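> requesting a structural model of the entry that follows:
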Amino acid sequence: MGKIVITGMGAVTPVGIGVENFFNALIEGKCGIDKIKSFNADELPVQIAGEVKDFNPAEYLPKDVVRKTDAFMQYAYIAAEEALAQSGLEIEPDRTGIIMGTAMSGISTIAFTQEELTNGSAKKVGPRFIPKILGNIAAANIAIAHGITGPSFTLSTACSSGGDAIYQAAMLLNAGKADVMLAVGAESAHCPIFIHSLATAKALSRNNDDPQKASRPFDEARDGFVIGEGGGALVLETEEHAKARNAKIYGELIACGNTSDAYHVTAPHPEGKGAVACMRQALKEGGLQPEDIGYINAHGTSTPKGDEVETHSVLEVFGNNTPPVSSTKGATGHMMGAGGITEVISCIKAVETGILPPTINLENPIPDCGIDFIPNKAKKADIKYAMSNAFGFGGQNSSVIVGKYDNK
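Sure, this is the predicted structure:
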């Protein structure tokens, strides 16, 4: 297998639109979680979320695309546009492909359209309803805009969808099916039915009075995750193709892992066996030892059980060689399929800049584990490799390792 390099990145997040805005907000310790403003959540048990701020899709998208797309598709489109522009790519249609990752697709459009229908407004169910809710239409809109006719797949592996999109893109490149792959993840699931279900399952933080402090990964006071939204995109190329066009290379995709817990549809394996196997698989594929990893962007959702199991899993794999670990979900909330991409972007930027983003709202870390969770303030560190973990419902596990590009 040849090297796979990263030549473009795009991000739409609750702390900023654009990769530089996103990463700068992370290292400055900003938080994008607030009271829900996209609809009236006053009667809901959870009234907070990480929403994309001051977002007017007409400023970024053609009018016809705005009319026919759900918010998650818009975030995917905008992130892809940034990544493609940054890459400077002249698209070769049949040698370029797209992998889309999303957990919930158009759930918000489904929920709000059903509400209108139930209230007697059948006219609100228009001809665009079906293409607005299908997960693959996000990739289709990007393909149509750029004439991309190569491989196209849409994955839905819960919260690991973004990381798995990167993995499948890499497999297609290694198989010679394309020279360039666009890996995209996007999510916008803010709607009452989604919130009610997760709140009933006691998965969400109910800290409605202090939204900025609600997401507290690895903190003893954590009480659940906060829903986030957004989009992320990466342009991945074979090294040969990128060098032939003199592309700027931002980093290298070193390895990926994917496993299943085969344990429970929502709970992680209590010993983190699937997560442990996934991280070890990625390390083995990359020919790396635990001590080679300089930073881990953890799944770190801020749930009591999830953070505990992940901590155990990381220690099982890395032991005395555990590098600094942080969760950026304290800032963005849990962006699900989008987070799998944006959190890899934070790893790429950490390798590039030598600045590791912090875990904000971390006042009392999980005790007696010995891990540096980078509490509240970014940390400087010259690193070569970073790992991003994403673990989802159904026991889905994803690990992605990125590193500095070595032109040898």
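> pretty sure Val184 is in a strand, no?
Yes. The assignment for Val184 is a strand, going by DSSP: H, G, I helix; E, B strand; the rest coil.
> could you tell me what pLDDT the model assigned to Met1?
Model confidence at Met1, given as pLDDT, is 58.
> now the one 4 residues further on
pLDDT, the model's per-residue confidence, is 98 for Val5.
> could you do Gly272 as well?
For Gly272, the model assigns a pLDDT of 96.
> Val226 touches Ile36, doesn't it?
No. Counting by C-beta atoms under 8 Å, Val226 stays clear of Ile36, with 10.6 Å between them. For the C-beta atoms, the positions are set from N, CA and C on the backbone; glycine is no exception.
> mind listing the shared neighbours of the two?
Residues within reach of Val226 and of Ile36 at once, by C-beta atoms under 8 Å, 6 or more residues apart in numbering, are 48-49.
> more neighbours, the two?
Val226 (27 against 22; other C-beta atoms under 10 Å).
> separation between the more buried one and Asp54?
Distance of Val226 to Asp54, given as C-beta to C-beta, to the nearest Å: 19 Å.
> Gly97: what secondary structure?
Classification of Gly97 by three-state DSSP places it in strand.
> so after the helix or strand hosting Gly8, what's the next helix or strand?
Using DSSP states H and E, Gly8 sits within strand 4-13. As assigned by DSSP H and E, the chain's next helix or strand after strand 4-13 is strand 16-17.
> quick one: distance of that next one to the chain centre.
Its chain's C-alpha centre and that of strand 16-17 lie 14 Å apart, by C-alpha atoms, centre = their mean, to the nearest Å.
> going forward can the numbers begin at 24, since that is how I track them
Happy to do that; since the first residue is 24 now, the last one works out to strand 39-40.
> rounded mean pLDDT for it, please.
Mean per-residue pLDDT for strand 39-40: 98.
> by contact count, what packs against that strand?
In terms of contacts (3 or more C-beta pairs under 8 Å, 6 or more residues apart in numbering; DSSP states H and E), strand 39-40 is packed against helix 42-50.
> ok, and what's touching the helix it packs on?
Counting by C-beta under 8 Å, 6+ apart, 32-34, 36, 38-39, 55, 105, 109, 351, 354, 365, 368-369, 372, 376, 378, 380-381, 401 sit against helix 42-50.
> again, but for stretch 294-305
Contacts of stretch 294-305 from elsewhere in the structure, counted by C-beta under 8 Å, 6+ apart, are 278-286, 291-292, 332-333, 335-337, 339-340, 410, 412, 414, 418, 420-424.
> could you dump it to CSV, C-alpha only?
Extracted in CSV, the C-alpha atoms of stretch 294-305 (Å, rounded to 0.1, in the frame of the first residue of the first chain):
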residue,chain,number,x,y,z
GLU,A,294,-14.1,-3.7,30.0
GLY,A,295,-13.9,-1.8,26.7
LYS,A,296,-12.8,-4.9,24.8
GLY,A,297,-13.9,-3.5,21.4
ALA,A,298,-12.3,-0.2,21.9
VAL,A,299,-9.0,-1.8,23.1
ALA,A,300,-9.0,-4.0,20.0
CYS,A,301,-9.8,-1.1,17.7
MET,A,302,-6.9,1.0,19.0
ARG,A,303,-4.5,-1.9,18.8
GLN,A,304,-5.6,-2.7,15.3
ALA,A,305,-4.9,0.9,14.2
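> ok, the strand or helix carrying Thr282: who's next to it in the sheet?
According to DSSP H and E, Thr282 maps onto strand 274-283. In the sheet, strand 274-283 lines up against strand 27-36 (antiparallel), strand 419-426 (antiparallel) (DSSP bridges).
> need those in JSON lines with distance to Ala267 and mean neighbour count, can you?
Putting these into JSON lines (distance: least, C-beta to C-beta, whole Å; neighbours: other C-beta atoms under 10 Å) gives the following:
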{"stretch": "strand 27-36", "distance to Ala267": "12", "mean neighbour count": "28"}
{"stretch": "strand 419-426", "distance to Ala267": "22", "mean neighbour count": "28"}
